[in-house]
Structure formats: C-alpha cells, structure tokens
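In: With the sequence up front, the predicted model follows.
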Amino acid sequence: MADQSSGDCVTILHHGPDDEIQHLPLQRVDVSARIIDVSAQVMLAHTFYNDSARPTRHAKYVFPIPASAAVCAFQMETSDDGLIVGVVKERDAAEAEYRAAVDTGKLSGLVKWAADDIFTMSVGSIPARTTVITRITCVMNLMDNATSDEIRFQLPMAVGTMRYGTSPPDILDAVSAPARTRLRINIDVQSVGELLSLGSPSHAADLKQFPYRTHRDKPSVRRRTVRVSSPSFLRRDFVLIVRSRGLDRPRVFAEIDATHGTTALVMSVVPTLIVPRIPVQDHLFLVDRSGSMQGPRIQAAQAGLRALLRALPSTGTTFNIFSFGTQCSSLWTQSQVYSQATLIDAIDHVGQMDANFGGTEIRSALMQVFAYRNVSMPTTVFLLTDGESHDTVDTLATVADAVNTALPSSPLRIFVLGIGDTASSAMCEGIAHTGRGVCLMALDSGEIVSKTAALVRAGIRQLVADVSVDWGTGTTGLVRQAPSTLGTLHQSRRFVAYALLHTPTPPTEVTLRGHVQDGAEVLSLQVPVRFAKSFSRGIEEHQPLHALVAHHLIWDLEHGGAVVPPKIGLQPEEALHAAIVDLGVRFHLASRFTSFVGIDEGARFQRERARARARREAQNGAGRGPGWGTYIVNGLIGVISRAAAYSGVSGPVSGPPHTGGSSPTRSRSRQPSPLEEGWGADDDFDEAEEATSDEDDYGTTPRRRRRPRRDGPRSPSPRVRHVDARPLQSSTSPDHHIGPEVEALLALQSFDGSFALDASLAKIVGVRAVAEAPHMTDDGSLWATVLAIAFLEKNLLGEQALLEGLIEKIKDSIQGRASDDQYESLIRRAREVVG
C-alpha cells in the first residue's frame, strides 16, 4: 500500500471487498497527553472516513511508540455512536479473530507489536459513509533531560526512513500517516512543585501555552497546557522539556489489583550521593558516521564529541575514537594517554568527519570495540548515534554479554547520546540500559553541550555496585522485579525500578541500598509508599501501573535479564512465549506475543448512555469510575497525583485500599494537595481534552465542546486562557542552548582544564579583564582560568547544573595553584571585570 492524495483528500490505498484498490482517507491524528510528575499518559486518535458507497476491507498503518511506553488500551468509535473496546489476546489468536471478522464484513481493528518502538494498526470493514476514530493509549515513565529538575517528553512521529537492516515483517505491508494528514497535539502538564519552564526544542515556533486558573481565580503555578496544531503531519519527533521543582524527590507509587491479588510498585530516585572518580580509566568514543547521520546529525555528533573530549579528566585517562557505518575504524591502533597533543590530534580528526561510512552496523562496531578494549582496565564507551537500525535484539544481547562478563575490577559501561529527530529510542535507551550507563537524547547541536557534560560526569565516577531494593515484603519469593538484576546508580541521574508483589497488601516503605566498589555503603534510603486509587471505566477494570510494571517485566524477559519461569513439557522459547502472554493478557498489554483486537459483534451502544450508566453506578456505590473516556487518565491521576505529592494528603500506606461503596468522608477544611488546586480529579482530564479546538482551520482560540449534564454537583474546573509560547520564567531555558561566546570559550580550554592568557581569550571576556592580570597574580594562566569561570557564571545564569558540569574540570586545574583566600579574591574581581 502507498499513500495517495486525491484533490484535497489524503488517502491510503487498500483492497476493497472484491480485491479492488480503494482509497481510505485518514483525516486527522490527535495526540492527547497528560504529563503528571515524572510519568505520562498518551492517547493517539486516528480519524478515518470511508467516503465510498461500500465498506472497506483492510488497511494497515505503522506508527512509532516510545520504547519505554506500555500500550495498554485500544478502542474504536463510529459516527453513529458505536463503541468497540479492544481486548488483549495471544498474538496469533487475535490476528485470526481479526481476519475472520474482516472476511465476514464486521468492523474490526487490530493493534500489533512490530518492534520495541514500532506498532501497527489494522482497520477493516468500515461501513459506507462512516467515520471511525481509533484510540490507542499508552503509559510511560519519562526520561531525564540534562538536569535532575527536568524531564523530557519525546514523542516519535515517524519511523526513520533510513533505518538500516531487515525491517520487521509486520511493517512491510503497512504505511505511515500521509504527509498531508492534519495533526493536533494537546498536552496537559501537572507537577508536584512549581513549574519553572516549558519549552520545545523541536517545535518552539508552533508551541502555544495555556495557563490554568484555579477556582479561586488565581493562576496555577503547577499546571499548564501546551498545544501544537499543524495542517500537515510531522516527520520529526515532538519534544517537550518540563522543568519543575521537586522532580528530584524520591517517590514510590503503589497500585493494588484485588482481582489478581497483586500490588504494583514503581520506585523513582535521583541519588545525590557523592561518588569518587575512577582513578584510571580508558574512554572509547564510538561515532555513527553512517548515511542516516548526514547533515545536522553529523554536525551534532562532531559538536558532542568535541565537548566530550575536552571534558575528560586530565590525569589517569587514555582514549581512542572509533568511527562506524558498514565498516569500523579507529583513530589510533591503541588508546593514547590524554594530553594537550593527543587532544589537538583528536579535535582535528573530529573536524574531518563526514557521514560517509555506509549502513548503520551498530552491533558489529560494538563487537569490534569490545574486542579492542583492555579487559584489565575500567572502560567507558560513549556511543553517539541516531540508532537507525532494526537489529535491536541482537545488539542488546551483544552489549549484555560484554558487560556481564567484564571483571568486577575492570567494569565496562556504555553511555549513549541519541542524536536526531527520528532517533530510535529502542536502540539508544536499550543499549544504555543494558550497558549500565545513561542515555540522553539531543535533536541537534544546540542541545549537545549540556548532555555531554552530564554524560561525562556520570561516566568518570566509580560504580555504585550491589544495588538492591528491599520491597518491604519480607519474602523474596513474593516479588518479581524489573530489572531483575539492578545495574548501578549514577550521581544526579534518575534511577527507576519496578516490582510486582504477589500480595494485595502493599508495604509501608521501600529501601534502596548501594555500595561503592570498595564496599563502603554510600546509600541507604527509605522511601514511604504512597497508595493510588484505581479507577474503572464503567466497562472493565484497568490498572495502568500494573501495565507499566508488566511492560518492564516483559522487556527484562525478552532481553535475557530475567529467568524465564520453567513450564513442564515446554522448550525455553515456548516457556518465554507463555510467560509473556500471561503478563500481557493478565494486565491488558500489547507485547511481542499479545495484541489488541476489537470486533463489532452487534452489541452497539451510545457513548453518552455508557457514560451516564457509569456515573449512576459510581453514585450507587458500585465502585465504577467516571466512564470509558477517562478511565486510564484518572487511573494515572490516582497513581501519581495522589501518590507523588509529598503533601500528606493520602499518607503512607497503612492498609488495603477502599474498594466499592461510597467514598470515605473527607474533611471540607482539608487543604488541597499541590496537584489538586481545588478541582476534582474525576473531571479534570475531560475538561482539558474537551477544551481543544474543534475548528478545521486549527484556530488558536480553544472553545469547549458541549458536555452532558451531570446529575449532581461538581467541583469547579480551571479556566483556560491563551498566551504566547514562552518560558514561564524568562531566566530559564529548558533546552539549554548555549550562546556562541560560551562555545568559543570552551574551544580555548586546554586538556587540563586551564586557559591561556592571550588575545583569543580577550576577544571573549574583554580586553580590560585580561589587562588586569599584572595587578592580580604573576600566574597569567591562573588569572585566565578564573576569568573563564566568571564568564561562564555570567552567561549561564539560572543553569546551575550545566554550569557545575562545565567548571568542575576548570576548577580542578586551579587546585594547588591558589589558596582558598586567593581564589576568592581573584574570582570576586573577575566577576567585576568580565565582559
């Protein structure tokens, strides 16, 4: 199939009932997302219209999903108010049901896993003159950005057209959204602490922000909505950076599934421990120079590599640079001692790089680097790539084998800088996770410096080994943990672990422990468990946190991290299949071996009637939730907003949750939690979703849709007002783009972190500042280095974490050259005179 345009109608070719070619218009794609704290829920809605006089037969689409996301719901709505809710079944059984339904002319849909970050959706037998909206929902934890007070929401919009290797079989007969498909993105952002800034390095010009006002008619400091509308489909990832206070607080979320007698737990911790540097280490840089890296991507890789090289420790360091594509080559035959001469040679080599190495053979390049490394020395690999390869499974297996067989005294870690606007999250995040490193993503050169500073700071520290989590059960047999073997902790980088407890009684606290390589305990952190109320949709129960935990348990099974439970009479591959199917079906999750299938069996009903019934059941004490339209969102609100806010509203877990019946009485004098601000959780996402514009021309003024009357009093909802897209505080920039003057200054830095007092420095910091040297010290290099620190402080105001990462090495070069008092005198004067 191929996408076509007929007049103003965007269509996708498919086969009709008589196997003739027909056109199925894909009118619009809507993305409705909710970011709450460090997690997100995303709903992808595709609107199709069969404008022919006959029903369609079968059309298949491919779309990317973040690799960390759990696809946990699928439904289809028709223009005559029909609703089909997808259910999870074993992959082959789901496909057989779908095919049979299409053959008999029943409206049906199938959502199928194709790769860790690629899914397909098939839609069949859409009735004549009928609109169908498909909705796919996923939940995920969000990745760090450059600093611990930021999270990065990166939504892939298309599979990279230059992804190398054999494509997954399921996408060969599928197409992406046509370029002329209209797109709307609506994201409701809600934080535990004060929102400091929102910004999009990918679509800054298109982003519009809408502040909320509370029921007291005051602007919310913790909630905001952003929107992007486009008359054409995006071909690059959409990225939103959220900076907020409190994102580095430890938290454990809990959710109980009374039906299966389980408790799902997610721990999120940003360690603040001080870990010493590794005294001697080899640093190997592996740079993707394949064809997919042409243009801005190779330029970003060059900028990143220069920054990484200059940030290396000046002592105890050896390094080498490898370039790969179809083949792999190195700058030197063996690693060189880090010095001014070798740094200059390396920088010159970087300047000559081009994306002319052929295909993206990541796995073979990694194998060559692993074979090259000195196995008696601690080794850190920095991989700079777009990850545009389909060979994810075998690549991760290669990484796992190399890391797991490394000697404890000379560990191997892999850190990844994912580059580009269609970078593969499955490949980039998977390599870093398996390689016990960190993955950070960057669209272009503008995001590079802050990311490289964070990666180097993590890569030069000693490993925090023997990391363990005591999930508070007292019996290890009751716990299934992902990852089953915990890696290491990295200073100021988020650590996340998942657990499924085979008991409906949650613990009161969870303990994280870790030791540095010398055996000294550096961390023992007790985190109270916060309970989350689970909501239903009025049709069947849904447990979003269980789906998220199950997703990571499955990933661990697939990639060899966990032991597959044995099954009598089954081969290992069959046992793996059975284990994944069990998790997928039990927790409503699409996976390698489970798919969503939805079929119109004639049991059609009106959406508003379903909502009304759900509300009546809830009011009558049946334990039902607010309706099918909000069941996942409100489940996530329960998981996070009632759990993550450290306001003591719900308190630590002290017993089983309230299930069924009327809600427990709450005092009217209770202060609202930081995430509530006076509005009801049950209605809240409805309000945000319904506030999107209905206008076909994508007007910027939101207007609310008419909503059915509610039977009882409701909590006041916030108002939405339109403002221009701009950071909440002008002094902060969420994408950390640094100015050309800072880049020019860093380019003058010597291998040991110091600077020379010369004309090049004077052009940047000012002639007057340089001329002060004779009055301040006999050491011209010392004064030049202090000037560089003062200049960075002035030009990186509000970027404390980035500043610390950049000047750490610079300050090290001053050690022993000036007393504390002398340094304070120098820096005070430098701050006065720098330009």
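Out: Received, thanks. Numbers count the residues shown, from 1 in each chain.

In: looking at this protein, which helix or strand is least sure?
Out: In the chain, no helix or strand scores lower on mean pLDDT, DSSP states H and E than helix 681-690, which sits at a mean of 35.

In: and the lengthiest strand in the chain, which residues are buried?
Out: Using DSSP state E, we find that the single longest strand of the chain is strand 21-36. The neighbour-count check on strand 21-36 (16 or more other C-beta atoms under 10 Å) flags 22-36 as buried. Heads up, the C-betas are built off the backbone N, CA and C, glycines and all.

In: Check stretch 789-801 too.
Out: For stretch 789-801, a neighbour-count test (16+ other C-beta under 10 Å) marks Ile789, Ala790, Phe791, Leu792, Glu793, Asn795, Leu796, Glu799, Ala801 as buried.

In: circling back: name every strand pairing with the helix or strand just after the longest strand of the chain and say which way it goes.
Out: Following strand 21-36 in sequence order, the next helix or strand is strand 39-50 (DSSP states H and E). The pairing partners recorded for strand 39-50 under DSSP bridges are strand 21-36 (antiparallel), strand 130-141 (antiparallel).

In: In terms of mean pLDDT, which of these ranks lowest?
Out: Among the strands paired with strand 39-50, strand 21-36 carries the lowest mean pLDDT, at a mean of 81.

In: how about the CA coordinates for that one, as CSV?
Out: Output in CSV follows, covering the C-alpha atoms of strand 21-36 (Å, rounded to 0.1, in the frame of the first residue of the first chain):
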residue,chain,number,x,y,z
ILE,A,21,-7.9,-0.8,-5.0
GLN,A,22,-9.8,1.7,-2.9
HIS,A,23,-8.8,4.9,-1.1
LEU,A,24,-9.4,5.3,2.7
PRO,A,25,-9.0,8.9,3.9
LEU,A,26,-7.0,9.5,7.1
GLN,A,27,-8.4,12.8,8.0
ARG,A,28,-6.6,13.7,11.2
VAL,A,29,-4.3,12.4,14.0
ASP,A,30,-4.9,13.8,17.5
VAL,A,31,-2.4,13.3,20.4
SER,A,32,-3.8,13.9,23.8
ALA,A,33,-1.2,13.5,26.5
ARG,A,34,-1.0,14.1,30.2
ILE,A,35,2.3,14.6,32.0
ILE,A,36,2.0,14.3,35.8
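
In: Give me the distance from that strand to the chain's centre.
Out: Between the centre of strand 21-36 and the centre of its chain there are 21 Å (C-alpha atoms, centre = their mean, to the nearest Å).

In: Would you mind confirming that Gly418 is in contact with Ala426?
Out: No - in this structure, Gly418 is not within contact of Ala426 by C-beta atoms under 8 Å, at 10.6 Å.

In: Show me the common contact partners of the two, please.
Out: Common neighbours of Gly418 and Ala426, counting by C-beta atoms under 8 Å, 6 or more residues apart in numbering, are Gly387.

In: Helices along the stretch 151-300 of the chain, start to end?
Out: Along the stretch 151-300 of the chain, the segments classed as helices by DSSP state H, counting those that start in this stretch run 296-311.

In: give me the low-pLDDT residue ranges for it?
Out: Residue ranges of the stretch 151-300 of the chain with pLDDT under 70: 160-162, 172-180, 232-234.

In: Tell me, how many residues neighbour His775?
Out: As a burial measure, His775 scores 8 neighbours (other C-beta atoms under 10 Å).

In: and Lys89, bridged to which residues?
Out: Going by DSSP bridges, Lys89 is paired in beta bridges with Ser595.

In: Tell me the predicted confidence for it.
Out: pLDDT for Lys89: 97.

In: Then Asp80?
Out: With respect to pLDDT, Asp80 has a value of 82.

In: ok now do the residue nearest to it when sequence neighbours are not counted, which residues does it touch?
Out: Setting aside the residues directly before and after it, Asp80 is nearest to Thr130 in space (C-beta to C-beta, 6 or more residues apart in numbering), at 7.1 Å. Neighbour list for Thr130: Tyr49, Asn50, Thr78, Ser79, Asp80 [criterion: C-beta under 8 Å, 6+ apart].
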